[in-house]
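K.L.:
Turn this into a structure:
(6 chains)
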Protein chains: 6
Amino acid sequence: VLEHRLADKIAAYRAVERSFGIVAAMLQPTAIQSGVPPGVCVEKEARMATVKLWTDAEAEAHPKVKAVFEDIRATRKSDFVNNFWRGLANQPEILERTWSALKAVMGAPGPLDPLTRELIYIAVSITNNCSYCIHSHTAAARAKGMTDAQYSDFLAVVGMASQTNALVTGLQLTVDSAFLIES
Amino acid sequence: VLEHRLADKIAAYRAVERSFGIVAAMLQPTAIQSGVPPGVCVEKEARMATVKLWTDAEAEAHPKVKAVFEDIRATRKSDFVNNFWRGLANQPEILERTWSALKAVMGAPGPLDPLTRELIYIAVSITNNCSYCIHSHTAAARAKGMTDAQYSDFLAVVGMASQTNALVTGLQLTVDSAFLIES
Amino acid sequence: VLEHRLADKIAAYRAVERSFGIVAAMLQPTAIQSGVPPGVCVEKEARMATVKLWTDAEAEAHPKVKAVFEDIRATRKSDFVNNFWRGLANQPEILERTWSALKAVMGAPGPLDPLTRELIYIAVSITNNCSYCIHSHTAAARAKGMTDAQYSDFLAVVGMASQTNALVTGLQLTVDSAFLIES
Amino acid sequence: VLEHRLADKIAAYRAVERSFGIVAAMLQPTAIQSGVPPGVCVEKEARMATVKLWTDAEAEAHPKVKAVFEDIRATRKSDFVNNFWRGLANQPEILERTWSALKAVMGAPGPLDPLTRELIYIAVSITNNCSYCIHSHTAAARAKGMTDAQYSDFLAVVGMASQTNALVTGLQLTVDSAFLIES
Amino acid sequence: VLEHRLADKIAAYRAVERSFGIVAAMLQPTAIQSGVPPGVCVEKEARMATVKLWTDAEAEAHPKVKAVFEDIRATRKSDFVNNFWRGLANQPEILERTWSALKAVMGAPGPLDPLTRELIYIAVSITNNCSYCIHSHTAAARAKGMTDAQYSDFLAVVGMASQTNALVTGLQLTVDSAFLIES
Amino acid sequence: VLEHRLADKIAAYRAVERSFGIVAAMLQPTAIQSGVPPGVCVEKEARMATVKLWTDAEAEAHPKVKAVFEDIRATRKSDFVNNFWRGLANQPEILERTWSALKAVMGAPGPLDPLTRELIYIAVSITNNCSYCIHSHTAAARAKGMTDAQYSDFLAVVGMASQTNALVTGLQLTVDSAFLIES
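P.N.:
Now for the predicted structure:
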């Protein structure tokens, strides 16, 4: 009976797989090549980029891309290379320039602490409506210690600024001389 | 002769005033009542708002507006009421709600310090391209201690985020599962 | 036999659930706890928010959130509390302030009728590219009586404005004095 | 006498220079050549467009532009042709297409009344931050009967939508199934 | 036994179908009528438009829509009519006007070649964050011969412009007279 | 006497016109230090930046800034250094990185010609509403040979894209599978 049950389960699995198509689509080549193990939930949007996302094997075969991926891993002390870099790998010069600039801007010690920089990054990304950027930098901010209370405080400022920006623009208000004297 | 000269000067003054129109517009009541001394160059845009900017006298005569202006002055410990509030005075309910919310969001103690809040505010305002807001909050950030080095750091992050936002959007990249797992 | 069938169905259900991952993801705790009955199509993106969406049980346990949810239900005469409020529940102060302001702005009687307000709201949301807001307020506009003909008229204006905005900005045209004289 | 004249001119010049400064700048070549009669207030930004603004004489000499200008005047029952059309005259095909579309969208009778259409137009223009468009359509809305109370109501909705758009985008909220069922 | 297996598979299929709902949603009428063969992965977002997407049968029954669809097919020498037109079919006047304008702007011979026009179109669409438009016009650019190297070059310019736009806006820089003299 | 008065008024008018008047108001420290010769009309907004615009003397005294300014002049074969660089000089690291990236992206030979790159740059700048960027890159496009006919063609595409972006976003249209298959 157990055997019978198991066979049925497998059959059911296959029937569903054959019938709905979507399952296979979810485990499409790109995603699999990206090293996502079978059985793990893969984002459906994964195949929606306008370029292919480079796998580690592909990156390994291109000296410039390889060097950047290695530096990303060394700098972040993590094996994880996110889709932004896998997509930019199609444009090796942009990949190099962007990683180099990002490392300098976000990674180097400076007068603003890492979390403050992330908050500024998210604020721009929200206003530009960049979903990927909002997700990745909100995750980064949390990894850098952002508490729920700080996130609430942040969102309140973003909401407030968005509202007053619209009111000021609607009213076409003039900059007070007092503000100009500052600069 | 002197008298003649003077009369001519006055005539020339009046001819110009009559002919060009703009002159009177430049020295309009609002600006003068706002405390700009005669003879000082007044922002031409001052008359470009879609609403009049309320003078202190006008605010004084409207209980709701008066109360908000008084609270602004008391809260900020300054007599200066900037154009944002003078423009919003035309919509007393929005004025009240906006001031009340702004005081709570930007003024109350919380997990983010006042300068960080200003930086977030400016980041949103730059991305929304609100000139008034950029000027007023950059001035506010400086008043709250922003150094030139911090401003440079801030601008570098804003520039970086704007660039990567555009690249990500152009490539229509998928959010990595790793970021989604975070939330 | 019936019992056998039922057991098999359950087994099939579980096999699929275990094997594909995605299915479980579709029926994730958040969605289920949100009161979505089994068998109802659950949005895949439901788990993509940067915060959890509060269930009724969670809201019930937090006085401020509870009070807002109750007021939403009483005001709208409906048990439905949409995701916007379930997400904002993570920031109780923003939740309170936003609901209170929204009720005053969109709900109170005033010189503009409810449908006109919705059209303005959608116009802003389209230009800001806020998918959630476009969907929720287009649904709200329909609920408030928007006809297909009105929606077409609305879209034509939004398209026209977007085009002329771009042309004017590209040409950097000056505001005519005639328009300034108006204000 | 000549000496006297010269001295007076210099004195007049200096009096004006001291008092107003800006005046001459307002009468710069571009503006004068554009057919603005002396004595009319000329916007300083008038020469900031990336193209020349066509005078009536120039429009008269180009059949397509002439026809559009005549139709604008006939349709609006006014001799006034604003800068938008004078700038677009440099691109006669765009001029024709835009006027024809605008007349159909904004001018033809339809399910939305003229003022509602203007409010939608301004909402888009504020969110796109098009200063010219905000000014011209706020003036148009007033010409079509917009009261101060309606303008306040409108601004409150625009501000509210801008704020909630930002919060929703920041939180990356999912569209409720209920809204999708609507459509 | 085989029969038993088959019955079980069907039962499992139906149980899953009933239980999860989503599967049926994936194979919804609209998509099927659009000519997507059963078994092919259908975009889940297909049902997220605020309007129905017109099928060929529906278009056939409406003279104006029919005429536009026929002209699209004749002009493009392809049977494929993309969702943009199937959505706009709900607003026949906008459909007509938009197709007529698009044909004139993108299709007619002119001083800019078809690929350059597509690049400009994508640049605007990226900055406006219109996912559909980015996908459709990136596909169109490729169909018109865009190489990977050209796409990289394009993306680099878009990224650069986005960054400098933000820096200039943040610094509120003045236009140099030299640039104004140009125009 | 009346005739005398009239003549004087006309003379005063002309004296002002010839001399420019504005100069005094416009000849503020920053502008003068920027090397603008007396008598030339200086943009009033010149003092509205949030930072000072570096003069050649100031740049000369800072090694990094000096090196960039020299490279700008050598690369462009022109002594003219526009305000963008004079403003960025306050942030020498951003100045260096931005100039280096801009030179690589806009200046190096590549698959897109210089004019096409400028058109893409302007398209982004219009959509981001960056006045300075629109002016400077429209001037640059003209310097690189853009004809009036090309500019018209360009503007038509920008207008068209802006309109369809808004319609697509309003309708929340799904990306056709056909476009996804492309990539």
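
K.L.:
ok, residue A:144 to residue C:101 distance?
P.N.:
32 Å (CB to CB, to the nearest Å). Heads up, the C-betas are built off the backbone N, CA and C, glycines and all.

K.L.:
So between those two, which is more surrounded?
P.N.:
residue C:101 (21 against 15; other CB atoms under 10 Å in any protein chain shown).

K.L.:
If you drop the residues flanking it in sequence, what lies closest to the more buried one?
P.N.:
With sequence-adjacent residues excluded and distances taken as CB to CB, 6 or more residues apart in numbering or on different chains, residue C:101 is closest to residue B:97, at 5.9 Å.

K.L.:
Mind checking if the top helix by length along chain A is in reach of chain C?
P.N.:
Longest helix in chain A by number of residues (criterion: DSSP state H): helix A:148-171. Yes: for helix A:148-171 and chain C, the contact criterion (CB under 8 Å from any CB of the partner chain) is met by A:148, A:151-152, A:155-156, A:159, A:166.

K.L.:
Reduced to three states, what does residue A:52 come out as?
P.N.:
Taking DSSP: H, G, I helix; E, B strand; the rest coil as the rule, one finds residue A:52 in the coil state.

K.L.:
how many neighbours does residue A:79 have?
P.N.:
Residue A:79 has 9 neighbours, counted by other CB under 10 Å.

K.L.:
Settle this for me: it is touching residue A:73, isn't it.
P.N.:
Yes: between residue A:79 and residue A:73 a contact is recorded at 5.9 Å, counting by CB atoms under 8 Å.

K.L.:
Skipping adjacent residues, who's closest to the residue sitting nearest the centre point of chain A in space?
P.N.:
In chain A, the residue lying closest to the centroid (CA atoms, centre = their mean) is residue A:136, at 3.6 Å. Using CB to CB, 6+ apart and skipping the chain neighbours, the partner closest in space to residue A:136 is residue B:179 (5.1 Å).

K.L.:
was I right about the residue nearest to the centre of chain A contacting residue A:102?
P.N.:
No: counting by CB under 8 Å, residue A:136 does not reach residue A:102; the two are 11.8 Å apart.

K.L.:
Check the spacing between residue A:133 and chain E real quick.
P.N.:
Shown here: residue A:133 relative to chain E, a distance of 11 Å by CB to the nearest CB, to the nearest Å.

K.L.:
Quickly find the element holding that residue.
P.N.:
helix A:131-143 (DSSP states H and E).

K.L.:
now for that helix, which elements pack on it?
P.N.:
Counting contacts by 3 or more CB pairs under 8 Å, 6 or more residues apart in numbering or on different chains; DSSP states H and E, helix A:131-143 packs against helix A:83-88, helix A:114-128, helix A:148-171, helix B:148-171, helix B:177-182.

K.L.:
Can you give me the buried ones in that helix?
P.N.:
Using 16 or more other CB atoms under 10 Å in any protein chain shown as the test for burial, helix A:131-143 gives A:131-142.

K.L.:
again, but for stretch A:111-120
P.N.:
A:112, A:114-120.

K.L.:
Please apply the same query to stretch A:64-78.
P.N.:
Buried-residue list, stretch A:64-78, by 16+ other CB under 10 Å: A:65, A:68-69, A:72.

K.L.:
Just the closest of those to residue E:108, please.
P.N.:
Minimum separation from residue E:108 among these (CB to CB) is found for residue A:65, which lies at 41.2 Å.

K.L.:
what does chain A put close to chain F?
P.N.:
A:47-52, A:93, A:97, A:101, A:104, A:175, A:180, A:183.

K.L.:
Could you pick out the buried ones from those residues?
P.N.:
Buried members of those, scored by 16+ other CB under 10 Å, are A:47-52, A:93, A:97, A:101, A:175, A:180, A:183.

K.L.:
picking up where we left off before, now the helix holding residue A:133 and helix A:114-128, what's the angle there?
P.N.:
With axes from the mean of the first three to the mean of the last three CA atoms, to 10 degrees defining the directions, helix A:131-143 sits at 160 degrees from helix A:114-128.

K.L.:
Show residues contacting helix A:131-143.
P.N.:
Under the contact criterion CB atoms under 8 Å, 6 or more residues apart in numbering or on different chains, helix A:131-143 has outside partners A:82-84, A:115, A:118-119, A:121-122, A:125-126, A:151, B:161, B:164-165, B:168, B:173-176, B:178-180, B:182-183, C:48, C:50, D:169-170, D:172.

K.L.:
cool, and stretch A:173-183?
P.N.:
B:36, B:43, B:45-46, B:48-49, B:53, B:80, B:82-84, B:87, B:131-132, B:135-136, B:138-139, B:142-143, F:47-52.

K.L.:
ok, now stretch A:102-122?
P.N.:
A:71, A:75, A:133-134, A:137-138, A:140-141, A:144-146, A:150, A:154, B:112, B:116, B:119-120, B:123, B:147, B:149-150, B:153-154, B:156-161, B:164, D:170, F:93, F:97.

K.L.:
try 7 Å
P.N.:
Stretch A:102-122 has contacts (CB atoms under 7 Å, 6 or more residues apart in numbering or on different chains) with A:75, A:134, A:137-138, A:140-141, A:144-146, A:154, B:116, B:119-120, B:123, B:147, B:149-150, B:153-154, B:156-158, B:160-161.

K.L.:
What does the pLDDT read for residue A:43?
P.N.:
Note on residue A:43: pLDDT of 35.

K.L.:
what about the residue nearest to residue C:101, distance to residue D:138?
P.N.:
Residue B:97 is 22 Å from residue D:138, by CB to CB.

K.L.:
same question, residue A:128
P.N.:
Taking CB to CB as the measure, residue A:128 falls 27 Å from residue D:138.

K.L.:
Also residue A:169?
P.N.:
11 Å.

K.L.:
go on, residue A:115?
P.N.:
Remark: distance between residue A:115 and residue D:138 (CB to CB) = 41 Å.

K.L.:
What's the local residue count around residue A:100?
P.N.:
Residue A:100 has 15 nearby residues by other CB under 10 Å.

K.L.:
The helix holding residue A:133 versus helix A:148-171: what angle between them?
P.N.:
For helix A:131-143 against helix A:148-171, the angle by the same axes, to 10 degrees is 140 degrees.

K.L.:
Distance from helix A:131-143 to the middle of the chain?
P.N.:
Centre-to-centre, helix A:131-143 and its host chain are 6 Å apart (CA atoms, centre = their mean, to the nearest Å).

K.L.:
Equivalent analysis for stretch A:96-108, please.
P.N.:
With CA atoms, centre = their mean, you get 16 Å for stretch A:96-108.

K.L.:
now swap in stretch A:169-183 and tell me
P.N.:
Taking mean C-alpha positions (CA atoms, centre = their mean), stretch A:169-183 and its chain are 36 Å apart.
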